[in-house]
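Asks: fold the following.
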Amino acid sequence: MESGKTQVVSRVAAILNAIALHGAPGARLLDLSQETGIARPTVHRILQELTEAGFVEQRASRRYGLGSALYLLGLSAPSPINDFTGIEKVARRLAEQTGDTVYVAMRRLDGVHYLMRADGSYPIRAEIVGVGETVPLGTTFAGIALLSWHEPEAVEAQLLANERLRRTLKAAEMPDLQDTLTAVRQAIAQVHEHGYYFDQDTVMRGVSGIAAPIPSKTASPYMAVTISAINDRLPPERIEELAPSLLEAARRIGAFIQ
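Replies: Model (predicted):
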């Protein structure tokens, strides 16, 4: 009897995690069945029960997304950050080593929330976002690094949503959508191959960045650390020098989170 209960819990967890990975566009029933290995009728039954509980919602597109009841539960959950001061020390140390601006950011729904910034000694700084600011996923170096764990379809849907927001805000300084799609696909390939990615001008013209997802003990990466600077300060040939320090900082920060 206990094994049956355990199986139900593991199936519910697998379905919720699969939905979460699809982000804002949501997931089809077929997607969830294929990705979890659970039969479609069983997935459909569990989704109906989760929808009744408010943990899942079915959208007009007939895709499934996480429900607001999970957010309310999350407000009562402990923070996944065990030692904020420890993370600050790692970020400051990396800024001192490199002389450049270091950001630490955390995934928040379909956005990236910037927890801290540490400034290096170089006088010209690339301050892309402010501490405490939340920006759409995929619009900054950290956000692009965290997109690496999304399905290609979800990545493109997120970037399309960003493009619609850009047009609404008339943010003409942002790169063209097709250029961004190409750059993000290349960035994702870099992350999976090297553990980090480097790019120039995609986030903001004249600005370069090298970003690494921070490993998590319990989930796909939901935090990232970035070194950012003007293009002249971060030429491609300097990246091999910086990458080991960035990856080591990501590993050390990972020890302070769940």
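Asks: from now on I want contacts and neighbour counts done on CA atoms only, so please keep to that.
Replies: Noted.
Asks: helices along the stretch 51-200 of the chain, start to end?
Replies: All helices of the stretch 51-200 of the chain, identified by DSSP state H, counting those that start in this stretch, fall at 68-76, 84-98, 141-146, 152-169, 177-194.
Asks: got the end-to-end distance for stretch 127-136?
Replies: 17 Å (C-alpha to C-alpha, to the nearest Å).
Asks: and stretch 66-81, by the same measure?
Replies: Using C-alpha to C-alpha, the distance between the terminal residues of stretch 66-81 is 23 Å.
Asks: what comes into contact with that stretch?
Replies: With C-alpha atoms under 8 Å, 6 or more residues apart in numbering as the test, stretch 66-81 has contacts from L16, I19, A20, T51, A53, G54, F55, V56, E57, F256, I257, Q258.
Asks: which strand residues bridge I210?
Replies: Beta-bridge partners for I210, by DSSP bridges, are F198, I227.
Asks: contacts only, for it.
Replies: By C-alpha under 8 Å, 6+ apart, the residues touching I210 are F141, Y196, Y197, F198, D199, T226, I227, S228, I239, A243.
Asks: low-confidence regions, the stretch 51-200 of the chain specifically.
Replies: Counting by pLDDT under 70, the stretch 51-200 of the chain contains low-confidence ranges at 165-177.
Asks: kindly recompute the last result at 80.
Replies: By pLDDT under 80, the low-scoring segments of the stretch 51-200 of the chain are 109-110, 127, 150-154, 157, 161-181, 183.
Asks: I'd say M223 and A105 touch.
Replies: Yes: with contact defined as C-alpha atoms under 8 Å, M223 reaches A105; the gap is 5.6 Å.
Asks: next one: the residue nearest to A53 when sequence neighbours are not counted relative to V56, how far apart?
Replies: Nearest non-adjacent residue to A53, counting by C-alpha to C-alpha, 6 or more residues apart in numbering: A69, 7.7 Å away. From A69 across to V56, the span is 8 Å (C-alpha to C-alpha).
Asks: show me the contacts of stretch 66-81 that map onto strands.
Replies: V56, E57 (DSSP state E).
Asks: just the buried ones from the contacts of I210?
Replies: Taking 16 or more other C-alpha atoms under 10 Å as the criterion, what is buried in those is F141, Y196, Y197, F198, D199, T226, I227, S228, A243.
Asks: residues contacting the second one?
Replies: Under the criterion of C-alpha under 8 Å, 6+ apart, the contact list for Y196 reads A145, Q190, I210, A211, A212, P213, A243, L247.
Asks: over to the first one?
Replies: Listed by C-alpha under 8 Å, 6+ apart, the contact set of F141 reads V203, G209, I210, A211, T226.
Asks: out of those, who's nearest P136?
Replies: When those are ranked by distance to P136 (C-alpha to C-alpha), V203 comes first, at 11.8 Å.
Asks: could you check how many residues crowd around that closest one?
Replies: By the measure other C-alpha atoms under 10 Å, the count of residues near V203 is 22.
Asks: so how far is N82 from the nearest residue to it once chain neighbours are set aside?
Replies: Nearest residue to V203, sequence neighbours excluded (C-alpha to C-alpha, 6+ apart): T140, at 5.4 Å. Distance of T140 to N82, computed by C-alpha to C-alpha: 25 Å.
Asks: how long is stretch 50-69 from one end to the other?
Replies: First-to-last residue span, stretch 50-69, C-alpha to C-alpha: 10 Å.
Asks: also stretch 201-215?
Replies: For stretch 201-215, the first-to-last residue distance is 26 Å (C-alpha to C-alpha).
Asks: buried stuff in that stretch?
Replies: 201-204, 207-215.
Asks: next one: stretch 178-189
Replies: By 16+ other C-alpha under 10 Å, the buried positions in stretch 178-189 come out as T180, L181, A183, V184, R185, A187, I188.
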